[in-house]
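Student: Coordinates only, no sequence provided:
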């Protein structure tokens, strides 16, 4: 059991920006919500999955909708309480803890605000170990845990409880409600037991995120380069250092595809790198050879400050370091690769774990 | 002959110029910026007038670009106590106003805040109905405790009626108390727009002091026939009256003036501008003759805001930048001897190696005593210059939008330190009078009219409505004093609003033109 205060929240927000792999939404507003809640209600208790009872009801919480709406219409804060009461009534059981569904981006922060306000513990786990764009892209889904009963609520007090026949239906119905409720809502989703958390969630991701954030924050204060320390912690690889020479964005068959082309600097001078992205960074190629692909994490950080960079901020002239981090092994099963592998995102590439791709490649 | 007086206050110098009505430079002066800023402005006015001997009555326009507002925010001095009204309840309560401000700044500004009903959804639907009685109660609670009021409604950048309605009620309850509306100041992003609005409201007293002080200073020197303007950060000026309502728009007008001045001096309307100072250099972009706007949130005094600002990159390099060697590696800055250059640099008999010394050794500049740097190894000096150019090139690269080559205009006192060949730059332009580009930028500033409104199409075509909006902006520019023959549309944006009653579109237009010569 660990207490998370303001400093931990600041660190987790930075870590979440890296684990967002370019997407997931800016954690800034989520961080402000979490900080306000912690100042008002006190630090949040974080439990390791191993510390919880098998029959505890754990209900993940998240925000759903357009980030461009969230930046204007910030939640009230009471949505959480209404949501939890509803799910509790529906299942006839008291909620024991909450948990994030994604460790990257803004949704890493919402459950911290929820936990502080509700006086509930947060479980040190999530369902992605990074950020993904769709509801079924969670490790819970791989083990057959269902998204519903799902609660969708707005700041005005409207609420919908969804009981659906598949996770895809949950996504589709929730999207409709989101638009009608004004484009940004709070949801409770994938309710599960403590036992299911232990088997199906990605453990210790918040403490991992906090460590990443602490390393980057320390480097911001001391000016020392944090990349080696980050790679040690994450067992990751430095894939490239380069200057962005071109950014292409296009729509193919209704989907947005982006590509950043980089030209090497420092020890990578003379080499070229291509980063393919949609909401998140998905494929990295050096001189034409695939170095890393989704679900492994491909993260861009500013070459000077090491601050994580989102895909919207990729632009000509920016100097970046590209890091490749291995994903959780739960994603490396056939069902995992089917759910979030390169082919799901419409790239004609087989998934090969980053460790295997990097074998024989000389780095640093 | 009619004349214009342009002044720009910088960190080190306060510069002033006088130009005639054909924009020929008549007189220029550089005076040290004073701690109180105002004395430096008076000195510059007096200096530039004394040295050219024109009839002071012929000065018809006087414009000032000053750092008063930025300084007040950074130093947290002379700020108003602001009452903050946010409209959007029950939304937004999870993040209260000013929650992420440094405590020093919120302590100086926060006169209390209230979150009430009102605001809109993303498509212009009402979020909640404004409650007039509740509003009156809030204003009565604020009464006597605040100097100024800031109003910010959810999605006010899409639709702003409720902000105006609240202002109307505030006038009834609070009388002449100044009111700042978020829809007139910032764009999408509630917290950032609210922050900008609160800062604007906090600057009301400073704005009064600056404009009155400038007018008094001009009078004292016998400049009595001039129309008085303050520089905004988009390259246009606003009247003294307007400045008192929107003082935040003066923040960062200095770099904007340099960029506009550089464009004017070089006659280029598309280019990158590098302004090299003593400690840092600013890189900006001129497009269609105006500075490119930043699309990112901008920190002012520790508060995150999103009102329009020039897109700038600041690099830690200038004439006084200290050069060192550490473990065989050359280090350029980032610290500088700053205004002590004439004491500390080798060429001035000092003992600190600066970028200026390197430029003198390489015969790029003729400053101080050249013999004092003869001991420096030429190969070493060249390696230092390579490193300097690498830093400059990287900074320029950050501002470019593609790998296509562009022109670079060099201005500022330290621009002699920059070499002519730069990767990605087709031509390096060094205009005459580069040292007062900022004051010239102030003197040549245009006036603009802006419009940001929701139009219902009912029966009309989109094109017709856009035309109508353009004409309204042109009308505003005329009202602000622009010469009708010179007015151009410099910005146009239209955003269709789904679900909005009566098929609506939001149009933003800005028209700018030359100040009408006064006969």
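Tutor: Arrived safely. Remember, it's a predicted structure, so these values are computed and weren't measured experimentally. Numbering: from 1, shown residues only, chains lettered A, B, ... in the order given.

Student: all strands in the stretch 101-250 of chain A, in order from the N-terminus.
Tutor: For the stretch 101-250 of chain A, applying DSSP state E, counting those that start in this stretch gives strands covering A:122-123, A:125-126, A:150-153, A:159-162, A:184-188, A:192-193, A:202-203, A:237-252.

Student: which one of those lies closest to residue A:74?
Tutor: strand A:184-188 (8.6 Å; C-beta to C-beta). Any C-beta I mention is one placed from the backbone N, CA and C, and that applies to glycine too.

Student: what lines up beside the closest one in the sheet?
Tutor: Strand A:184-188 has the following strand partners under DSSP bridges: strand A:57-65 (antiparallel), strand A:150-153 (antiparallel).

Student: where does it sit relative to the chain's centre, distance-wise?
Tutor: 16 Å (C-alpha atoms, centre = their mean, to the nearest Å).

Student: And it, what's buried?
Tutor: A:184-188 (16 or more other C-beta atoms under 10 Å in any protein chain shown).

Student: do stretch A:283-291 as well
Tutor: For stretch A:283-291, using 16+ other C-beta under 10 Å, the buried residues are A:283-286, A:290-291.

Student: Now for those: which two are most distant?
Tutor: A:283 and A:286 (11.3 Å).

Student: domain parsing for chain B?
Tutor: Using automatic domain parsing, the domains assigned to chain B come out as B:1-79+B:203-251, B:80-202, B:445-513.

Student: The last one near chain A anywhere?
Tutor: Translated: domain B:445-513. No. On the criterion C-beta under 8 Å from any C-beta of the partner chain, domain B:445-513 is out of touch with chain A, staying 9.6 Å away.

Student: Please, which helix or strand holds the residue of the stretch 351-500 of chain B found nearest chain A?
Tutor: For the stretch 351-500 of chain B and chain A, the shortest gap (C-beta to the nearest C-beta) falls at residue B:397, measuring 3.8 Å. If you go by DSSP states H and E, residue B:397 is part of helix B:378-399.

Student: thinking again about what came up before, confidence-wise, which of the domains of chain B is weakest overall?
Tutor: Lowest mean pLDDT of the domains of chain B: domain B:445-513, a mean of 83.

Student: In the stretch 251-400 of chain B, mark out all the strands, start to finish.
Tutor: Under DSSP E, counting those that start in this stretch, the stretch 251-400 of chain B gives strands at B:271-276, B:281-287, B:290-291, B:298-300, B:303-305, B:312-315, B:321-326, B:329-336.

Student: would you turn those into a markdown table with mean pLDDT?
Tutor: Output for these, formatted as a markdown table (pLDDT from 0 to 100):
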| stretch | mean pLDDT |
| --- | --- |
| strand B:271-276 | 94 |
| strand B:281-287 | 91 |
| strand B:290-291 | 87 |
| strand B:298-300 | 86 |
| strand B:303-305 | 92 |
| strand B:312-315 | 86 |
| strand B:321-326 | 91 |
| strand B:329-336 | 87 |
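
Student: could I get those strands as JSON lines with mean neighbour count?
Tutor: JSON lines is the format used below for the strands of the stretch 251-400 of chain B (neighbours: other C-beta atoms under 10 Å in any protein chain shown):
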{"stretch": "strand B:271-276", "mean neighbour count": "26"}
{"stretch": "strand B:281-287", "mean neighbour count": "23"}
{"stretch": "strand B:290-291", "mean neighbour count": "25"}
{"stretch": "strand B:298-300", "mean neighbour count": "16"}
{"stretch": "strand B:303-305", "mean neighbour count": "22"}
{"stretch": "strand B:312-315", "mean neighbour count": "18"}
{"stretch": "strand B:321-326", "mean neighbour count": "16"}
{"stretch": "strand B:329-336", "mean neighbour count": "16"}
